[in-house]
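A.B. asks: Okay, predicted coordinates and the sequence, questions at the end:
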Amino acid sequence: MDILFIITSLPYPPNTGGAIRAHGIIEGLRLAGHTITLLCFHEGDIPADLGITIHAIPAPHRSKSARLKTLLSTRQADIATRFYSTIFAQKLINLLTQQTFDLIQFEGIEAVCYLPLVKKNQPSAKLVFDTFNAEYMLQRNIFDIDRKHIKRLPIAVYSYMQIGRIRRYEHEVCQIADAVIAVSEEDAVLLRPLASADKVHVVSSGIWVAPYLQTPPPIDMHHPSIVFTGKMDYRPNVDAMLWFVGDILPRIHAKMPSVHLYIVGQQPHARLAGLKAHPHISITGRVESVLPYLYSADVYIAPLRMGSGTRLKLLEAMACGCAIVATTIGASGLNQQVKSAMILADSESITAQAITDLLNHPQKRDNMGASAREYVQRWYDWSAILPHLIEVYRTLGLEV
C-alpha cells in the first residue's frame, strides 16, 4: 500500500510517548513492504536512509493571546487549532494532488485538524484516526486534580472549559474518519459513543523490545535510587512529580534518608524548578538515552494521577527489567498479567511503603523485573501488536 502519515513531530528518534508509538507503526509497516510518506512539523536535520519519504514544515506558533481569544470568543477546542498551519495545509494539498494514497493515518488529536482537508481533496483514500488518548477524559482528570489546589484554579478553569469542547471535536473527527484506533479497551469505551461502535478498534501501544535488552554502559548514580522518566513539560508528568516529592518522598526519607530521586526527561517545567535545590533529587533534562537510568534504577515509579492511554514509559522500564511501583491510572491500558508484574498503589502511605520494601529486598526487585521483561516481550513488542493493526486495515477493504 501507499500510506501517508500525518503527525505533528518527527518520530525519529522515538524519544517521547507519541513518537514511540508512531515510530513503531511506521517502521513495522515499512518493514512489511509498504511505501510510507510522512508529513510532519520539524526544523533541523532529518536522519538519512530511513527508507521512507519525509516532508517537514516548521511548526506554527500560537501566542498565548491568540489562544486566550479562542477560549473566550469561540466554543472551539484549543487543541483543534494548536498545530494548524496554512503552509502545512498547502503542502498537504500538493501531496494529495501529486499522489494517490490507499491509506492516510493521523497520529494523535493534534494532527487530525487536517482530516476534513484530506477528505475533500482525496475522498478515495481510507482515513484512520490514531487517537493516543481519549482526550476529553484526560482533560476531565486534569480538572479533578487541579481544582483541589488554590494555586492551580486558573488552570483548572481552563481544563473545565475544554472538556465539552474537546468531546465535541473528537465526535466530529470520529464521524469523518473511516476507522478510529484506541490504545486500550478503557479508551475505546470512552470513544465508542463518539463514533459508530464498529468503527472503534483497539491497537495497543508497544515498543521494539530488542534494543532495550542490550545493557548500556553504566552511569554514576546515587543509591538507593528511584527513577521517573517522561517529557517533563507534560502536565500529568509534572503533577506526578510534585505530588511524589511533596507527599510520598518525605515518608520514604523518614525510613531511608539517603534515597535519591532521578527525574529524567526533556524540557523540565518551571513548576519543577524548586526541586533542583533538594539534595536528594536530580533533574536531568534531556538525555541521549533513558536506558542507562532504567538499568541503574533500584525502583522505577509511575505515580500518575491523570491521563489515559498506555504509558510507554512503563513498557520501556519493564523491558529493562525494572521493579515498578505505579498508580492504577499510571498502569491503565495494560493487560492484567502485565500489571501483576508491578505494584499498584494509589495512596501516599501505601506507595511509600511499597517503594521502601522493594529498596530493602533486592531479590524481590530482581524477580519482579524478570517477570516484567518476560511479559512485555510476549504482549507489547510491536511484532505482537502490528497484526492487530493490519486487521483494522482489512476491515476497511484494504489489501494488506
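C.D. replies: Perfect, I can see it now. Numbering: from 1, shown residues only.
A.B. asks: can you give me the strands in the stretch 51-200 of the chain?
C.D. replies: 53-57, 103-107, 126-130, 179-182, 200-202 (DSSP state E, counting those that start in this stretch).
A.B. asks: Packing partners of the third one?
C.D. replies: In this structure, strand 126-130 makes packing contacts with helix 17-31, strand 103-107, helix 115-121, helix 153-176, strand 179-182, helix 382-395, judged by 3 or more CB pairs under 8 Å, 6 or more residues apart in numbering; DSSP states H and E. Where you see a C-beta, it was placed from the backbone N, CA and C, and this is true even at glycine.
A.B. asks: circling back: export the strands of the stretch 51-200 of the chain to JSON lines and tack on mean pLDDT?
C.D. replies: As requested, the strands of the stretch 51-200 of the chain are exported to JSON lines (pLDDT from 0 to 100):
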{"stretch": "strand 53-57", "mean pLDDT": "96"}
{"stretch": "strand 103-107", "mean pLDDT": "98"}
{"stretch": "strand 126-130", "mean pLDDT": "98"}
{"stretch": "strand 179-182", "mean pLDDT": "97"}
{"stretch": "strand 200-202", "mean pLDDT": "97"}
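A.B. asks: Any chance of these in TSV with distance to Ile36 and mean neighbour count as columns?
C.D. replies: Below are the strands of the stretch 51-200 of the chain laid out as TSV (distance: least, CB to CB, whole Å; neighbours: other CB atoms under 10 Å):
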stretch	distance to Ile36	mean neighbour count
strand 53-57	7	16
strand 103-107	10	25
strand 126-130	14	24
strand 179-182	17	25
strand 200-202	20	19
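A.B. asks: Compare those and report which one is nearest to Ile166.
C.D. replies: Taking CB to CB, strand 126-130 is the member of the strands of the stretch 51-200 of the chain nearest to Ile166, at 14.0 Å.
A.B. asks: follow-up on the earlier one: output the strands of the stretch 51-200 of the chain in TSV; the columns should cover distance to Leu138.
C.D. replies: Listed next are those as TSV, based on distance: least, CB to CB, whole Å:
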stretch	distance to Leu138
strand 53-57	27
strand 103-107	16
strand 126-130	16
strand 179-182	13
strand 200-202	17
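A.B. asks: sorry, back to before: to Ile263, which of the helices and strands packed on strand 126-130 lies closest?
C.D. replies: Across those, closest to Ile263 is helix 17-31 (CB to CB), at 16.2 Å.
A.B. asks: In terms of secondary structure, what does the closest one contact?
C.D. replies: Checking 3+ CB pairs under 8 Å, 6+ apart, helix 17-31 ends up next to strand 2-7, strand 35-41, strand 103-107, strand 126-130, helix 312-319, helix 382-395.
A.B. asks: And the strands in the stretch 301-400 of the chain, which stretches?
C.D. replies: So, for the stretch 301-400 of the chain - with DSSP E, counting those that start in this stretch - the strands run 324-326, 343-344.
A.B. asks: Tell me which of these is the most buried.
C.D. replies: strand 324-326 (a mean of 26; mean count of other CB atoms under 10 Å).
A.B. asks: quick revisit: can I get the helices and strands packed on helix 17-31 in TSV including distance to Lys199?
C.D. replies: Below are the helices and strands packed on helix 17-31 laid out as TSV (distance: least, CB to CB, whole Å):
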stretch	distance to Lys199
strand 2-7	19
strand 35-41	24
strand 103-107	14
strand 126-130	9
helix 312-319	25
helix 382-395	9
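A.B. asks: Which of the ones you listed sits closest to Glu27?
C.D. replies: helix 382-395 (7.5 Å).
A.B. asks: where are the low-confidence patches of the stretch 201-350 of the chain?
C.D. replies: 308-310 (pLDDT under 70).
A.B. asks: where along it do the helices fall?
C.D. replies: 235-243, 249-255, 291-296, 312-319, 336-339, 348-360 (DSSP state H, counting those that start in this stretch).
A.B. asks: Many thanks, I have nothing further to ask.
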